[in-house]
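[1] need a 3D model of the following:
(2 chains)
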Amino acid sequence: MNICLSSPAKFSPLRPSSRVLVPSSPKQPSPSLSLQPPSNPQPLNSRLITAHLDAGRLREAISALDSMAWSGSYPDLVTYALLLKSCIRCREFHLGRHVRRRLEESGIEPDSVVLNSLISLHSKSNDWEEAEEVFWSMGSDKRDLVSWSAMISCYATNNKEMEAIALFLDMLQEGFSPNEYCYTAVIRACSTAKTARIGDAIFGFLMKDGYFDSDACVGCALIDMFVKGRGDLRSSLKVFNKMSERNVVAWTQIITRCTELGHPEEAVNLFVDMLLEGCIPDKFTISAVVSACSDLGLLPLGLQLHSWAMRSGLHSDVCVGCCLVDMYRKCGACGSLSDSRKVFDQMPSHNVMSWTAVITGYAQCDGSKEAVELFLEMIRGPIRPNHFTFASVLKACASSINVETGVQVYAHTVKLGLSTDNCVGNSLVSMFARSGRTEDARKAFESLFDRNMVSYNTILDAYSKNLNSEEAFSLFHEIESMGMGPDAYTFASLLSGAASVGAISKGELIHGRIVKSGLHFNECVCNALISMYSKCGNVEAAFRVFDRMGDKKNVISWTSMIMGFAKHGFSERALETFREMIELGMRPNEITSVAVLSACSHGGLASKGRMYFESMQKDHGITPRMEHYACMVDLLGRSGSLVEAFEFISSMPFEANELVWRTFLGACRIHGNVELGKKAAGMILQKDPSDPAAYILLANLYASSGRWEDMAEIRKKMKLKNLTKEAGCSWIEVKDTIFKFHVGDSSHPQAREIFNELDRLNTKIKKLGYVPNTDFFLHDVEEEQKEQYLFQHSEKLAVAFGLISTPRPKPIRVFKNLRVCGDCHSAIKYISMATDREIVVRDANRFHHFKDGKCSCNDYW
DNA sequence: GTAGGGTTAG
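    Coordinates of the predicted model:
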């Protein structure tokens, strides 16, 4: 997309249209009235107050009011009205209430203007009961159209939608005919799902009255009504297109709503239309379009907007600055927050939002240290953090190292009276959940002041991630029984829980509930289904969900499907899907690239992999991250080009991390290159001296080249450092229950049958040509003993159990936490032939489909 | 004197 924002002179705020950017009242030289002794106290004092207000000195004006009261004199009603208006504008509500007390003391009978201002004052400070009292205390002689409008608006903005609508009807009964202010207020009250039908009726009313295309505010309210109450962007656009007076606010509003509802491209198109129509964007518009760019990852347009904002001076606005901070974070390479930080540092002034934006940036890009540091800097200054700020800081603390800091941050929310906020409470639950402290998460959840769907989903997700499906399901039933959900997030969490253990029948059960709830067209739910089916070994079922999504597929759907095919070894199909995605004009992201590279890697397609690595930068503008380099190392290393892989690591633009070196070490192990392997292990241990994976891989490498002494040395070191490797285990789901096996495990009630089956299988497959490969056995013991141990590996036990407990045509799906052992891989190939069963094994790395003596990985994993 | 546009927890 190339949008030319022509020279800023054309849009320069130096020649603003009459409708935009009303300059704030120019500062008048301060009048010297205060030095004059009051000769005629009352009018002069009133004038003094007015002079202070004109000069923007609200507090001085209030002091003048106070000194008048002490001397027993009071200003006139016009002055009271002006004072109240200033208090409202400056959001100094307590001062407004002070003015009200002075007025009551004076005994002067307030007129409608003053009373209406009081309604507005209480409305804006969320005190709807006070506003109500003022409203009903007015006699019908004083209660005019403005009073009704103000009161309806008060209800609408204080979550009393039904009261607002009822009052609107009362007003009609009293014989008032509504003006644009009333309509705007009542439409706002109709912007909830609950009041949507009344909104429709009022919409019909408006069409007749003709207000809706003559007044921009009414149009804007309608746009919001359709978007907020029902997510109906189409009707909003219809209203917008019919509006005859489309000012900058209306344009900005529709642009904003498009982005909010997930159509940032439409937002950008509308922005172009707006420019073509000659409407001049202001700081709000620029912010909205910058946000759309962030969502689209459209850095080029973002840069143009930034430069335009600089030239027009709008960049000094806090709001524009905030959105730019956000844009650079979302569009830049991940982990590189320098541009975002630069914008923040250069902003002339800050408010809560700009602080929160920059802290959020770090919180979401693994910069917890910087996020916390910035927060500490913030609280030393004059700006108070709000609940958004705390939500982000708590998110930054969501790791086991930082969780104690998080607890202290939370203590701060108690001090500021923000701890009862639902958003803050949920963030606390989430922080504990992400740090793996499920018990604390539960406690925080139990002590929440009010629980909404986010609260429930957060704690449910924590249990799902911890593979505690019992608790997850019990929460699910609780949500159901309360009648408030479940929603798409609930199902997505349940599905990801089922996916991680490979519980396909649980997954299918959830799928049934999703269909019943009508959420089976939801993108997020569909994506979770694709992921669940493919992680449970049924890639065809995943494809069916994917296919049925039609044009609702987003980049996550495509990426999940590509990743699914890749993990199952269908490299060509993965790449075909990727090509289809590009042809349809879908933009791949970083994760899509990981999926594509891993498809090449699993399929041994080295030259294609190199080609895609080039293309992701050149054609799709994706800067390679650590994961992409790791994929390439995997691809080159596994295909045997160890030296090339090593050189590739040296040529990386940043230092390789443990992941890259571990991948390289894995390749060295496959190709038995002890020297390069030692180098890799050294690099890993330099970065993390207690990484058990490095020791294990190195030990395996020594073992497979028969260097038992070196291997023993490694074992000794591990023992000395008290390092243990994760115990290998395999599991299988039979009739809704997960059965788990360790090596030589005899704890299963049917252990005897399982071992008998294994013996039978052993004899059968040996006749077919199976030769145990004891290289995969680490200990230096007699060959026969090795063979015996080998045949009790957890994956073989699970397969044997699957064979005796499930009927014939059904494929057997086994899961393993580590990578499948080489001997098991070979044995299972023979087992699939001997028993004529399809066996699917998911290991830590990928899927293996065994059928008729062959594996889908072509022995390449 | 009454109305409108931007960040956030899953």
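
[2] in the stretch 51-200 of chain A, which spans are helices?
    Here the stretch 51-200 of chain A has its helices, by DSSP state H, counting those that start in this stretch, at A:58-70, A:77-89, A:93-106, A:112-124, A:128-137, A:145-157, A:161-173, A:180-189, A:196-209.

[3] doesn't residue A:859 fall inside a helix?
    No - according to DSSP: H, G, I helix; E, B strand; the rest coil, residue A:859 belongs to no helix; its state is coil.

[4] ok, the closest residue to it other than its chain neighbours - how many residues close by?
    Residue nearest to residue A:859 in three dimensions, not counting chain neighbours: residue A:825, with 7.3 Å by C-beta to C-beta, 6 or more residues apart in numbering. For glycine as for every other residue, the C-beta is placed from the backbone atoms N, C-alpha and C. Residues near residue A:825, counting by other C-beta atoms under 10 Å, number 21.

[5] can I get the helices of the stretch 51-200 of chain A in JSON lines including mean neighbour count?
    Shown next, in JSON lines, are those (neighbours: other C-beta atoms under 10 Å):
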{"stretch": "helix A:58-70", "mean neighbour count": "17"}
{"stretch": "helix A:77-89", "mean neighbour count": "20"}
{"stretch": "helix A:93-106", "mean neighbour count": "17"}
{"stretch": "helix A:112-124", "mean neighbour count": "23"}
{"stretch": "helix A:128-137", "mean neighbour count": "17"}
{"stretch": "helix A:145-157", "mean neighbour count": "24"}
{"stretch": "helix A:161-173", "mean neighbour count": "18"}
{"stretch": "helix A:180-189", "mean neighbour count": "24"}
{"stretch": "helix A:196-209", "mean neighbour count": "15"}
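
[6] could I get these as a markdown table with distance to DNA strand B and mean pLDDT?
    Formatted as a markdown table, the helices of the stretch 51-200 of chain A follow (distance: least, C-beta to the nearest atom of the strand, whole Å; pLDDT from 0 to 100):
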| stretch | distance to DNA strand B | mean pLDDT |
| --- | --- | --- |
| helix A:58-70 | 14 | 93 |
| helix A:77-89 | 4 | 93 |
| helix A:93-106 | 11 | 94 |
| helix A:112-124 | 4 | 95 |
| helix A:128-137 | 11 | 95 |
| helix A:145-157 | 3 | 95 |
| helix A:161-173 | 11 | 94 |
| helix A:180-189 | 3 | 93 |
| helix A:196-209 | 13 | 85 |
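
[7] how about the nearest residue to residue A:215, chain neighbours excluded?
    Per C-beta to C-beta, 6+ apart, closest to residue A:215 is residue A:180, 4.2 Å.

[8] let me redo that: residue A:388
    residue A:356 (4.9 Å).

[9] run through the neighbouring helices and strands of the stretch of helix or strand the one you found belongs to.
    Secondary structure from DSSP states H and E places residue A:356 in helix A:352-364. Counting by 3 or more C-beta pairs under 8 Å, 6 or more residues apart in numbering; DSSP states H and E, the packing neighbours recorded for helix A:352-364 are helix A:318-331, helix A:338-346, helix A:368-380, helix A:387-396.

[10] may I have it as PDB, with CA atoms only?
    Extracted as PDB, the C-alpha positions of helix A:352-364 are listed here (Å, rounded to 0.1, in the frame of the first residue of the first chain):
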ATOM      1  CA  VAL A 352      -0.700   8.500  32.400                       C
ATOM      2  CA  MET A 353      -1.300   7.100  28.900                       C
ATOM      3  CA  SER A 354       2.100   7.800  27.500                       C
ATOM      4  CA  TRP A 355       3.700   6.300  30.500                       C
ATOM      5  CA  THR A 356       1.400   3.300  30.200                       C
ATOM      6  CA  ALA A 357       2.100   2.900  26.500                       C
ATOM      7  CA  VAL A 358       5.800   2.700  26.900                       C
ATOM      8  CA  ILE A 359       5.600   0.400  29.900                       C
ATOM      9  CA  THR A 360       3.100  -1.800  28.000                       C
ATOM     10  CA  GLY A 361       5.600  -2.000  25.200                       C
ATOM     11  CA  TYR A 362       8.300  -3.500  27.400                       C
ATOM     12  CA  ALA A 363       5.800  -5.700  29.300                       C
ATOM     13  CA  GLN A 364       4.800  -7.300  26.000                       C
END
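
[11] any residue of it up close to DNA strand B?
    Yes - contact of helix A:352-364 with DNA strand B (C-beta under 7 Å from any atom of the strand) involves A:352-353, A:356-357, A:360, A:364.

[12] lowest pLDDT pick from the residues you listed?
    Among the residues of helix A:352-364 next to DNA strand B, residue A:364 carries the weakest pLDDT, at 86.

[13] right, and that residue touches residue A:395 too?
    Yes - with contacts counted by C-beta atoms under 8 Å, residue A:364 reaches residue A:395, the gap being 7.3 Å.

[14] the more surrounded of these two?
    Neighbours per residue (other C-beta under 10 Å) separate residue A:364 from residue A:395, with residue A:395 holding more: 20 against 16.

[15] from residue A:177, how far off is the more buried one?
    51 Å (C-beta to C-beta, to the nearest Å).

[16] try residue A:328
    Taking C-beta to C-beta, one finds residue A:328 at 51 Å from residue A:177.

[17] ok, these two, which is more surrounded?
    For residue A:328 versus residue A:177, neighbours defined as other C-beta under 10 Å are more numerous around residue A:328 (25 against 9).

[18] and that one, what's its pLDDT?
    Turning to residue A:328, the model gives it a pLDDT of 89.

[19] so who does it touch?
    The contact partners of residue A:328, taken as C-beta atoms under 8 Å, 6 or more residues apart in numbering, are A:302, A:337, A:339-340, A:342-343.

[20] how far out from the middle of the chain is stretch A:704-717?
    Relative to its parent chain, stretch A:704-717 has a centroid offset of 46 Å by C-alpha atoms, centre = their mean, to the nearest Å.

[21] repeat that for stretch A:68-88.
    49 Å.

[22] dump that stretch to PDB, keeping only the CA atoms.
    Presented in PDB, the C-alpha positions along stretch A:68-88 are these (Å, rounded to 0.1, in the frame of the first residue of the first chain):
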ATOM      1  CA  MET A  68     -16.800  37.300  49.300                       C
ATOM      2  CA  ALA A  69     -18.700  34.800  51.400                       C
ATOM      3  CA  TRP A  70     -16.700  35.700  54.500                       C
ATOM      4  CA  SER A  71     -17.600  39.300  54.000                       C
ATOM      5  CA  GLY A  72     -21.200  38.300  53.600                       C
ATOM      6  CA  SER A  73     -21.600  39.100  49.900                       C
ATOM      7  CA  TYR A  74     -22.400  36.800  47.000                       C
ATOM      8  CA  PRO A  75     -21.900  37.100  43.200                       C
ATOM      9  CA  ASP A  76     -24.800  36.900  40.800                       C
ATOM     10  CA  LEU A  77     -26.200  33.800  39.100                       C
ATOM     11  CA  VAL A  78     -24.300  34.300  35.900                       C
ATOM     12  CA  THR A  79     -21.100  34.200  37.800                       C
ATOM     13  CA  TYR A  80     -22.100  31.000  39.600                       C
ATOM     14  CA  ALA A  81     -22.900  29.400  36.200                       C
ATOM     15  CA  LEU A  82     -19.500  30.400  34.900                       C
ATOM     16  CA  LEU A  83     -17.800  29.000  38.000                       C
ATOM     17  CA  LEU A  84     -19.600  25.700  37.700                       C
ATOM     18  CA  LYS A  85     -18.800  25.500  33.900                       C
ATOM     19  CA  SER A  86     -15.100  26.000  34.700                       C
ATOM     20  CA  CYS A  87     -15.000  23.400  37.400                       C
ATOM     21  CA  ILE A  88     -16.600  20.900  35.000                       C
END
